[in-house]
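S.K.: Any chance you could fold what I've pasted below:
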Amino acid sequence: MPKMTPKQIEQLFTRNDGSYAFARWGRPIVPVVFGVEEETLKVVKGAVEAVATLAGAQMDELDGELGANLMFFFFKDWDELLAVPDLGRLIPDLESLVERLKAADASQYRAFRFDDVAAIQAAFVFLRMSGDMVDIPAETLALTQSVQVMLMWGDRAFSEVSPLAVLPETGATILRPEIAGVIAAAYDRMMPPSADDKSHALRLFARLQG
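M.R.: Numbering: from 1, shown residues only. Predicted structure coming up:
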């Protein structure tokens, strides 16, 4: 498995302002998918299950508070979000957010909610299926998004290098082994559910050596 340095791990959880911010799920994950056909729904849920299994994170059929706590929205235009019932209660300032995303011509956006120990309580994934996004295979898109909501990563964690790799011998798309290792280490039961100190990256590094 390719080795990551402590600095590389630290960068995975560093925000644009230079602060360190890490969080993992603090409750079983209950995914729901809107805006796709049954076949794609199975692909997305299968990808979430695969990454959760790798992490050792739990999944469930129902979240007692929200019903579902990991929501994927597939759509063609950002304005469609304004018509989703009750979404404004879950996403603060939804109208201004939609305006910003339209102005930036964004193709995707993720939002998180956190519990009282700063672990992930809910996550929302918004995917505008137009332009280049339409050409991405469903399996690749689902796996990429599942990786990106399994932890709260830094702002630029995968801006230059995808968390996925293609096996040259088979052409199959897989999660890069070093990223899989970081996810598994992050869910080690001896590790905290959230962290804002860079020493956390050293603890992840130590587990990867084991």
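
S.K.: For the biggest helix by length in the chain, enumerate the helices and strands it packs against.
M.R.: When the chain is parsed with DSSP state H, its longest helix is helix 38-55. Counting contacts by 3 or more CB pairs under 8 Å, 6 or more residues apart in numbering; DSSP states H and E, helix 38-55 is packed against strand 31-34, strand 70-75, helix 138-150, helix 177-186. Placement of C-beta: from N, CA and C, glycine included.

S.K.: pLDDT of the third one, averaged?
M.R.: When you say that, I think you mean helix 138-150. What helix 138-150 shows for mean pLDDT is 95.

S.K.: nearest spatial neighbour of the residue most central in space within the chain, skipping sequence neighbours?
M.R.: Centroid-nearest residue in the chain: V149, 1.6 Å away (criterion: CA atoms, centre = their mean). Excluding its sequence neighbours, the residue lying closest to V149 (CB to CB, 6 or more residues apart in numbering) is A123, at 4.5 Å.

S.K.: counting contacts, what elements does the helix or strand where the one you found lies pack onto?
M.R.: According to DSSP states H and E, A123 maps onto strand 120-128. Helices and strands touching strand 120-128, by 3+ CB pairs under 8 Å, 6+ apart, are strand 70-75, strand 108-114, helix 138-150.

S.K.: With just CA atoms, put the last one into CSV.
M.R.: Spelled out, it's helix 138-150. Extracted in CSV, the C-alpha atoms of helix 138-150 (Å, rounded to 0.1, in the frame of the first residue of the first chain):
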residue,chain,number,x,y,z
ALA,A,138,-22.9,6.0,-11.8
GLU,A,139,-20.6,3.6,-9.9
THR,A,140,-17.7,6.1,-10.0
LEU,A,141,-19.9,9.0,-9.0
ALA,A,142,-21.5,7.0,-6.2
LEU,A,143,-18.2,5.7,-4.8
THR,A,144,-16.6,9.2,-4.9
GLN,A,145,-19.5,10.8,-3.1
SER,A,146,-19.6,8.0,-0.5
VAL,A,147,-16.0,8.5,0.3
GLN,A,148,-16.4,12.3,0.7
VAL,A,149,-19.3,11.9,3.2
MET,A,150,-17.8,9.1,5.3
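
S.K.: Now find how far off-centre the helix or strand following it is within its chain.
M.R.: Going down the chain from helix 138-150, the next helix or strand is strand 151-152, by DSSP H and E. Averaging C-alpha positions (CA atoms, centre = their mean, to the nearest Å) puts strand 151-152 6 Å from its chain's average.

S.K.: Strand 151-152 pairs with which strands, and in what direction?
M.R.: Using DSSP bridges, the strands paired with strand 151-152 are strand 22-24 (antiparallel).

S.K.: I would like the residues contacting the strand it pairs with, please.
M.R.: Applying CB atoms under 8 Å, 6 or more residues apart in numbering, the set of residues contacting strand 22-24 from outside is 13, 55, 57, 112, 114, 118-120, 150-152, 186-187, 191, 193-196, 200.

S.K.: ditto for stretch 56-73
M.R.: 24-25, 27-35, 44, 48-49, 52, 81, 84, 90, 121-127, 145, 149-150, 184, 187.
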